[in-house]
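> just the structure for this:
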Amino acid sequence: MAERRKISLVLADVDGTLVDEQKVLTKRAQEAVTAMRRAGIRFAITSGRPPLGMSMLFDPLDLDTPIAGFNGGLFVARDLKILTQKTVPADVARQAIDLIRDHDLDVWVYSGNDWLITKPGAAHVKREAWTVKFEPKVVTDFGDLENRIAKIVGISDDHDRVQRCEADAQRAFGQHATASRSQPYYLDITNQDANKGAVVAYLTEHLGVPAEEIATIGDQPNDVLMFKRSGFSIAMGNASDEVKGKATAVTDSYNDEGFAKAMERFILGSTT
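Numbers count the residues shown, from 1 in each chain. The predicted structure follows:
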């Protein structure tokens, strides 16, 4: 077992971590969060999803912490009131949209709580709408939104192409934006300060919890930044070997109650 230490807050990624492959919050996962609350350990979530796309989790988890959508680009309270938001600079937004299209990826744009697309029948649109429980708005272009974009997403089922686009975006934008894959088929581009490492910093400041008392759990490359900023980190069994190598501990897959098992073993100290 990994070394035990004081944990006051757990910060969890959602897709591939907190929910299973069918995007379901299992009873065991919900019970683990309840058990942590009874033990005096707070719980928070962060995701590339818009906050509205996580709202179905607020009541089952009885969240009382800021919810970090768009990988930290938008923080809201449980009632979806905006606490703070970080947008992509207009010039970077224009370049990012062009870069994604140059790699032959589809483009989605998020502004506030709106999800905007240009191709309603494109890959992953139907599945995403089912996941987040709301429909996108179809627009002809994104030109009038360039000063109000919280996140830009490049989408393709060609995972190598998405990876190449990620590398090119990171080279092109450097310190002006954050570009990272939230799924093998999704490339997220956000404000330079909108990343999961910054989520840890925000929660540390606003909840008064030292970073060394925060545990983080996730499965994707964009979760590594929050691993680095927290005192204890857990990679899901479905994560890549690279992501696992950046974590303090590894749990089982999201399809084998990996989240609940991690909370029971590493946070609550149970062997069940």
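> from here on, contacts and neighbour counts on C-alpha atoms
OK.
> so what's the residue nearest to Thr87 when sequence neighbours are not counted up against?
Spatial nearest neighbour of Thr87, chain neighbours left out: Ala150 (4.4 Å); criterion: Cα to Cα, 6 or more residues apart in numbering. By Cα atoms under 8 Å, 6 or more residues apart in numbering, the residues touching Ala150 are 70, 73-74, 85-88, 109-112, 190-191.
> how close does Ala150 get to Val19?
24 Å (Cα to Cα, to the nearest Å).
> now swap in Leu83 and tell me
Counting by Cα to Cα - Leu83 and Val19 are separated by 25 Å.
> of these two, which one has the most company?
Taking other Cα atoms under 10 Å, Leu83 and Val19 do not tie; Val19 has more neighbours (21 against 12).
> for the more buried one, what are phi and psi?
Main-chain torsions, Val19, degrees, to the nearest 10: phi -110, psi 160.
> any stretches of the chain with poor pLDDT?
Residues of the chain that meet the criterion pLDDT under 70 lie in 1-4, 270-272.
> again, only this time at 80
1-4, 112-113, 143-144, 146-147, 270-272 (pLDDT under 80).
> can I see the domain layout of it?
Structural domains assigned to the chain are 9-85+195-267, 90-191, following automatic domain parsing.
> and these, which is most packed in?
domain 9-85+195-267 (a mean of 21; mean count of other Cα atoms under 10 Å).
> how about Ile214, nearest residue that isn't a chain neighbour?
That would be Leu9: by Cα to Cα, 6+ apart, it lies 4.9 Å from Ile214.
> which residue ranges of the stretch 151-272 of the chain form strands?
Using DSSP state E, counting those that start in this stretch, the strands of the stretch 151-272 of the chain run over 151-155, 177-183, 186-191, 214-218, 232-235, 249-250.
> between these, which one is nearest to Gln170?
Closest to Gln170 of those is strand 177-183 (Cα to Cα; 5.8 Å).
> next, the angle strand 186-191 makes with the closest one.
150 degrees (axes from the mean of the first three to the mean of the last three Cα atoms, to 10 degrees).
> quick check, Ala54 in a helix?
If you look again at residue 54, you'll see it is Met, not Ala. Yes - according to DSSP: H, G, I helix; E, B strand; the rest coil, Met54 belongs to a helix.
> going forward, begin numbering at 608 instead of 1
Okay, residue one is now 608; in that scheme the one you just asked about reads as Met661.
> wait, it touches Trp737, no?
No - if you go by Cα atoms under 8 Å, Met661 and Trp737 don't touch, sitting 11.9 Å apart.
> pull the longest helix from the chain.
What stands out as the longest helix in the chain, according to DSSP state H, is helix 766-780.
> gap between the residue lying closest to Gly838 once chain neighbours are set aside and Ile689?
The shortest distance from Gly838 to any non-neighbouring residue, by Cα to Cα, 6+ apart, is to Glu819 (3.7 Å). Between Glu819 and Ile689 the computed distance is 27 Å (Cα to Cα).
> ditto for Asp711
Asp711 is 34 Å from Ile689, by Cα to Cα.
> cool, and Asp666?
18 Å.
> same deal with Val640?
Distance from Val640 to Ile689, by Cα to Cα: 24 Å.
> same thing with Ile724?
Shown here: Ile724 relative to Ile689, a distance of 23 Å by Cα to Cα.
> and Gly676, by the same measure?
11 Å.
> contacting residues around Ile689?
Applying Cα under 8 Å, 6+ apart, the residues contacting Ile689 are 681-683.
> for it, give me phi and psi.
phi -70, psi 130.
> partners of it in the sheet?
Val683 (DSSP bridges).
> that older thread, any idea what the residue nearest to Ile821 is bridged to?
Under the criterion used (DSSP bridges), Leu616 bridges to Arg649, Ile821.
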